[in-house]
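> Next comes the sequence, and after it the predicted model I'd like to discuss.
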Amino acid sequence: MITAIHCFTILAPQMDCLFSKKNVYQSMEFVIDFNSYAFKHGVTEADIRRAFDTAVYDGMLDESDDKDARDKYLLIGFNCNANPIEVLYNYISDYHVNVFHAMPCRSIYYHLLKS
C-alpha cells in the first residue's frame with residue numbers, strides 16, 4: 001500500500017520491517033527509520049518527513065550540545081504547519097537514516113534558521 005504524505009513524497013512500508021516496533025518507510029531518496037522515541041514530543045512522521053524536505057540546516061551535532069554527539073546529526077526544518085522543528089538522526093548506511101528525536105525547535109537553535 002502506498003501512502004502520500006504530501007504532494008512531493010510518496011512513501012511505502014518496507015516489507016521486511018512490518019513486524020518490527022519501528023515504523024520504516026522508503027522514499028525515492030533514502031530510507032528513514034522512525035524510532036518510537038522520535039514521537040515523544042508529539043511530532044508526527046509527516047512532520048519529520050516535511051522537515052527533511054524543507055531543511056534549512058543539516059549537520060553533525062556539536063559536541064558542546066551533547067557530550068555523546070559522535071555520529072549524531074541535527075536537522076532543522078519545518079513541520080506540516082510551517083513551524084520549525086529539530087530532528088536528531090544517525091546514519092545506518094549511505095541512504096538509510098534512523099530518526100531518534102524530534103521536537104519543536106528550541107531557542108538555542110534559532111540562529112540556524114537564519115543560515
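Noted; the coordinates are in hand.
> Now do the strands in this structure.
3-6, 9-13, 23-26, 31-34, 57-60, 73-78, 84-93, 96-104 (DSSP state E).
> Select the longest helix from the chain.
In the chain, with assignment by DSSP state H, the single longest helix is helix 45-53.
> Between strand 73-78 and that one, find me the angle.
Orientation check (axes from the mean of the first three to the mean of the last three Cα atoms, to 10 degrees): helix 45-53 against strand 73-78 gives 100 degrees.
> Which positions in helix 45-53 come out as buried?
45, 47-52 (16 or more other Cβ atoms under 10 Å). Every residue, glycine included, has its C-beta placed from N, CA and C.
> Including pLDDT and distance to Phe39, could those go into TSV?
Output for these, formatted as TSV (pLDDT from 0 to 100; distance: Cβ to Cβ, whole Å):
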residue	pLDDT	distance to Phe39
Glu45	96	8
Asp47	97	10
Ile48	96	9
Arg49	94	13
Arg50	95	15
Ala51	96	13
Phe52	94	16
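> from those residues, which single one is nearest Leu113?
Minimum distance to Leu113 across the buried residues of helix 45-53 is 12.2 Å, recorded for Ala51 (Cβ to Cβ).
> re earlier: compile the strands of the chain into a markdown table and extend it with columns for mean pLDDT and distance to Leu113.
Below are the strands of the chain laid out as a markdown table (pLDDT from 0 to 100; distance: least, Cβ to Cβ, whole Å):
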| stretch | mean pLDDT | distance to Leu113 |
| --- | --- | --- |
| strand 3-6 | 30 | 21 |
| strand 9-13 | 39 | 22 |
| strand 23-26 | 50 | 26 |
| strand 31-34 | 92 | 22 |
| strand 57-60 | 92 | 7 |
| strand 73-78 | 96 | 6 |
| strand 84-93 | 94 | 6 |
| strand 96-104 | 96 | 12 |
